[in-house]
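Chemist: Predicted model and sequence follow; I will ask about them next.
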Amino acid sequence: MNNVERTVDLFASGLNCSQAILTVFGELYRLNPEMAERLGRPLGGGMGRMARTCGAVTGAVLVLGLAKDHHDEGEARKISYSYVQELFRRFEALHGTTECRSLLGADMSTEAGLKKVQDDKLVSKLCPEFVRDAASILEKLLKP
């Protein structure tokens, strides 16, 4: 099973989108699974269930921070910012947005929106595609 499939599988097994991305791709940079789950925990649901930036994308941003390192901090920032911008550009090209509420078609930061997300099972119906796409983009960006 490749890293993209492993990520989707972990998501389907109960990790949130950020946790799944961080667990699989973080291990490439010596991030242990327990720490990956802890770091990713608050990022699900568009950052703390506020329906903002997709958790799969934010998880990928953190992995890029691990991957795109440089001995000079200014250069490390410049490099990582460039890769983060490319991640967003590619994800938005596929889905039109990186915002969770727009991707799901419901705002889970509101009581009514959360009810819609839960009643319509939007996370299990829609998010595997977003997780797969974020993981696939990340995998391509990590290649030398």
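Modeler: Now that the structure is in, tell me what you want to look at. Numbering: from 1, shown residues only.
Chemist: secondary structure element for the residue nearest the centre of the chain?
Modeler: Relative to the mean C-alpha position of the chain, the nearest C-alpha, by C-alpha atoms, centre = their mean, is the one of Ala56, at 1.4 Å. In the assignment (DSSP states H and E), Ala56 maps to helix 55-67.
Chemist: Now do the buried residues in the very next helix or strand once past that helix.
Modeler: Scanning forward in sequence from helix 55-67 by DSSP H and E, the next helix or strand is helix 73-95. Buried residues in helix 73-95, counted by 16 or more other C-beta atoms under 10 Å: 79-80, 83-84, 87-88, 90-91, 95. Placement of C-beta: from N, CA and C, glycine included.
Chemist: Could you do stretch 94-109 as well?
Modeler: Neighbour-count burial for stretch 94-109, with 16+ other C-beta under 10 Å as criterion, is recorded at 95, 98-101, 103-104, 106-109.
Chemist: Give me the distance from that stretch to the chain's centre.
Modeler: 13 Å (C-alpha atoms, centre = their mean, to the nearest Å).
Chemist: Now do it: distance from first to last residue.
Modeler: One end of stretch 94-109 sits 24 Å from the other (C-alpha to C-alpha, to the nearest Å).
Chemist: Please shift the residue numbers so they start at 51 in all later answers.
Modeler: Noted, 51 is the first residue going forward, which turns the last one into stretch 144-159.
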